[in-house]
Structure formats: C-alpha cells, structure tokens
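> here is my input; please provide its structure:
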Amino acid sequence: MQKLFTIFFMAIITLCTANAQWQGNNLSKEDFRERQQRYFMEKSGITEDEASKFFPLYYELQDKKADINNKVWGRARNMRNQNLSEKECSDMIQNFAEAKIASDKLDLEYIHKFKKIISAKKLLNLQIAEMKFHKDMLKIMHRPPMKRD
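Take a look at the predicted model:
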C-alpha cells in the first residue's frame with residue numbers, strides 16, 4: 001500500500017512539476033512529455049517500438065489520475081476559506097481518501113496493461129526513473145530563476 005501511495009504522490013508531483021515547467025519556462029505539455037519520455041526510455045531501456053505502445057497508455061493513466069485529483073482538489077479549494085462544519089471536514093477527508101483509492105485502482109489496472117507491453121524489469125526501472133525524474137524536477141523548480149539579458 002505504501003508503494004502505491006508513493007506512486008500516487010509521484011503522479012501528483014509530476015502534474016505539479018509539469019505545470020510549473022510549461023508555465024515557468026514556456027514549455028508546452030507536449031514538450032514536457034516528450035522530454036519525460038526520452039528520460040524514461042533512457043533510464044529504463046524501453047525500445048522505440050515498446051515506447052510507441054507504452055507511452056500512450058502511460059499518459060492516458062496520468063490524465064485520468066489528474067482528472068480525479070482535479071475534482072477533489074477543486075472542491076477543496078472552493079471550501080478553503082469557508083468556516084467548515086465538522087461534517088464538511090469529514091466529507092472532504094473522505095473525498096481525499098476515495099481519490100487515493102481510485103488512483104491506486106487505476107495504477108493496478110494499468111500495471112497489468114503495461115506488463116503486456118514491457119517486461120516487469122523495464123516497468124520497475126521506469127518507476128525508479130519516474131521517482132528520480134520527479135526529484136530532479138523538484139530541484140529545478142526550487143532553483144532561483146536565471147537572469148536573462
């Protein structure tokens with residue numbers, strides 16, 4: 001369960017870092033994903049043929065998880081500055097937990113799909129690369145912006 005939570009957390013970080021990257025550096029979502037894909041391929045050993053089948057599914061999963069997160073966080077943002085009742089707080093906590101479960105279920109569903117395209121070893125290497133990528137992206141995000149002359 002902890003592993004799945006880590007994957008879920010990393011997906012959220014991916015979305016946040018992607019958003020920061022294409023807003024902060026004028027990098028489009030497509031450009032970000034292209035860089036991400038090249039990085040993952042290099043680190044995991046996924047071939048071009050495997051990549052052509054794998055990454056459309058991978059990004060489909062990321063988009064579905066983003067939709068889940070956007071819904072629950074959208075509700076949370078709308079309720080943020082209100083004096084919430086105990087019931088509303090409880091409902092929000094329940095919504096967060098249900099979003100994590102829905103995201104975890106998607107991960108499990110897609111892991112089975114992924115393993116039909118790439119080996120478990122490559123999938124594990126990709127997951128490790130994904131964690132390193134997110135760590136590196138966080139470092140970039142927290143770096144002071146470079147001055148342009």
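
> now do the helices in this protein.
Here the chain has its helices, by DSSP state H, at 2-24, 29-44, 48-79, 86-114, 120-141.

> which of those helices has the lowest average pLDDT?
When these are compared by mean pLDDT, helix 2-24 comes last with a mean of 52.

> reformat the helices of the chain as JSON lines; add mean neighbour count.
C-beta: built from backbone N, CA, C; applies to glycine. Converted to JSON lines, those look like this (neighbours: other C-beta atoms under 10 Å):
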{"stretch": "helix 2-24", "mean neighbour count": "16"}
{"stretch": "helix 29-44", "mean neighbour count": "16"}
{"stretch": "helix 48-79", "mean neighbour count": "15"}
{"stretch": "helix 86-114", "mean neighbour count": "14"}
{"stretch": "helix 120-141", "mean neighbour count": "15"}
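
> hmm, Ala76 is touching Met92, no?
Yes - the pair Ala76 / Met92 is scored as a contact, 6.1 Å apart, by C-beta atoms under 8 Å.

> residues in contact with the closest residue to Ala129 other than its chain neighbours?
Once flanking residues are discounted, Ala129 sits nearest to Lys43: 3.5 Å by C-beta to C-beta, 6 or more residues apart in numbering. Taking C-beta atoms under 8 Å, 6 or more residues apart in numbering, we find Lys43 in contact with 125-126, 128-129, 132.

> now Lys122
Neighbour list for Lys122: 44-46, 50 [criterion: C-beta under 8 Å, 6+ apart].

> picking up where we left off before, just put the contacts of Lys43 in CSV and tack on distance to Tyr59.
Formatted as CSV, the entries for the contacts of Lys43 read as follows, by distance: C-beta to C-beta, whole Å:
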residue, distance to Tyr59
Asn125, 18
Leu126, 13
Ile128, 19
Ala129, 15
Lys132, 19
